[in-house]
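Undergrad: Sharing a sequence plus its predicted fold:
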Amino acid sequence: MAGGKTSIQPGAGAAQNLVLIGYRATGKTSVGTRLARILGRSFVDLDELLVHEAGKSIAEMVAESGWQEFRRREKELVARFRHRRGLVLATGGGVVLDPENVRALRENGIIVWLTADPATIQARLSRDRPGEESRPSLTGRDTVAEVLEVLRQREPLYRAAAQIIIDTTGRSVAQVVEEVLKGVTHEEAKGGR
């Protein structure tokens, strides 16, 4: 990728959303922001939008009402974007826990699973600002144990949902974006679904 431009531009299915799924710290927001800029699309981080609309952090929502209520709100937000087109969407890591979310996102989207090995995820999580509340614990365990446990549980769900899988381990945002665009072009060439 030279000068922030790429020669690969999704074609016929360009009106389809590009939906980024994956565990925390796999690059969904960074990659999504750059993809949107390159493609001239709007970028929506569904977790950020949920936080903005609720007026409180995810940690605060979970502390006040629990994960079940957070997932309910997340599902409502996904449903609102079900019929929108031409966006780059970054989802929360747990969006795949509800099969209805996956169906809604696939209606008008190509789903891209961004992965990273557990050590990379742990290193990226450790770089979060101290006291950052955007990533509350999912299990109450230490980061290493939590990453391993949650990845083991969610990997089959991510794999089943994804049409494109990109490993972000050891890759720059630019390299991942290039791989996503190649994957989208390939997906469109075979009919998109």
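TA: Thanks, I have the structure now. Numbering: from 1, shown residues only.
Undergrad: Quick check: residue 70 touching residue 60?
TA: No - with contacts defined as CB atoms under 8 Å, residue 70 does not count as touching residue 60, sitting 10.2 Å away. Glycine gets a C-beta too; all of them are placed from N, C-alpha and C.
Undergrad: The two: who's more crowded?
TA: Using other CB atoms under 10 Å, the more surrounded residue of residue 70 and residue 60 is residue 70, with 21 against 14.
Undergrad: What is the top helix by length along the chain packed up against?
TA: Looking across the chain with DSSP state H, the single longest helix is helix 58-80. Other helices and strands packing on helix 58-80, by 3 or more CB pairs under 8 Å, 6 or more residues apart in numbering; DSSP states H and E, are helix 46-54, helix 99-107.
Undergrad: could I get those helices as CSV with distance to residue 189 and mean pLDDT?
TA: Below are the helices and strands packed on helix 58-80 laid out as CSV (distance: least, CB to CB, whole Å; pLDDT from 0 to 100):
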stretch, distance to residue 189, mean pLDDT
helix 46-54, 28, 95
helix 99-107, 18, 96
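Undergrad: Least confident secondary structure element in this structure?
TA: Scoring the helices and strands of the chain by mean pLDDT, DSSP states H and E places helix 118-126 at the bottom, with a mean of 87.
Undergrad: after that one comes which helix or strand?
TA: Going down the chain from helix 118-126, the next helix or strand is helix 143-161, by DSSP states H and E.
Undergrad: Packing partners of that following helix?
TA: Packed against helix 143-161 by the contact rule (3+ CB pairs under 8 Å, 6+ apart) you find helix 99-107, strand 109-115, helix 118-126.
Undergrad: any idea which of these is most buried?
TA: Ranked by mean neighbour count, these are led by strand 109-115 with a mean of 24 (mean count of other CB atoms under 10 Å).
Undergrad: What residues of stretch 63-72 count as buried?
TA: Across stretch 63-72, burial judged by 16 or more other CB atoms under 10 Å covers 70, 71.
Undergrad: How about the contacts made by residue 17?
TA: 81, 84, 85, 86, 87, 88, 89, 105, 108, 109, 110 (CB atoms under 8 Å, 6 or more residues apart in numbering).
Undergrad: can you list contacts of whichever helix or strand comes after the longest helix of the chain?
TA: Toward the C-terminal end, the helix or strand that comes next after helix 58-80 (DSSP H and E) is strand 87-90. For strand 87-90, the external contacting residues (CB under 8 Å, 6+ apart) are 17-20, 28-29, 31-32, 35-36, 39, 41-47, 81, 105, 109.
Undergrad: What subset of the residues you listed is buried?
TA: Buried residues within the contacts of strand 87-90, counting neighbours by 16+ other CB under 10 Å: 17-20, 28, 31-32, 35-36, 39, 41, 43-47, 81, 105, 109.
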